[in-house]
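Participant: okay, here's the prediction I keep looking at, along with the sequence it came from:
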Amino acid sequence: MRNHLRRGFSFVELMIVIALMTMLLVFAIPGYKDGVMKTHETAAMQAIHTLNTDQVQYYSQNGRFARSLAEFGPRTISGELAAGERGGYRFRMEETREGYAIHAEPVKFGTTGGRTFFSDETMIIRQNKSAAPATADSEEAK
């Protein structure tokens with residue numbers, strides 16, 4: 001008769017539930033972090049693609065490529081990208097003999113991104129899977 005009146009969980013049952021939830025979190029958090037990092041990388045490549053397109057338009061209107069992100073101004077690109085940082089990546093653009101170079105590196109390598117990116121007037125996005133900056137000789141990003 002007493003067993004029917006008992007309500008709630010025993011200490012052992014609660015500990016089992018907590019242990020199972022902890023194990024689920026241990027396996028879920030790295031996958032979540034990888035997903036966030038890949039999202040930042042994809043956004044960085046999209047930003048580089050946008051910058052390449054904007055450079056073509058800038059060249060057609062001014063007869064030369066923009067020398068920096070700030071030169072595009074807020075009408076062309078977002079304020080945070082013009083300031084050089086967006087979505088966990090730092091961006092910079094520089095003038096070269098041939099035209100321009102765009103660099104994108106994670107703010108914190110391994111956390112906000114696991115690849116560095118490079119592009120130039122060829123519009124090919126290149127990647128380096130280490131913290132070293134990608135260059136024109138790096139492998140093509142996929």
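Facilitator: Sure thing, it's come through.
Participant: where does the chain dip in pLDDT?
Facilitator: Low-confidence segments of the chain (pLDDT under 70): 1-6.
Participant: closest to the centroid, which residue in it?
Facilitator: Of all residues in the chain, the one closest to the mean position by C-alpha atoms, centre = their mean is residue 40, 2.3 Å from it.
Participant: so which strand or helix has that residue?
Facilitator: According to DSSP states H and E, residue 40 maps onto helix 11-62.
Participant: centre of the chain to that helix, how far?
Facilitator: Here helix 11-62 shows a centroid-to-chain-centroid distance of 7 Å under the convention C-alpha atoms, centre = their mean, to the nearest Å.
Participant: skip the chain neighbours and tell me the closest residue to the residue nearest to the centre of the chain.
Facilitator: Leaving aside its sequence neighbours, residue 40 sits nearest to residue 88 (C-beta to C-beta, 6 or more residues apart in numbering; 4.0 Å). C-beta here means a position set from N, CA and C on the backbone, and glycine is covered the same way.
Participant: right, I'll call it a day here.
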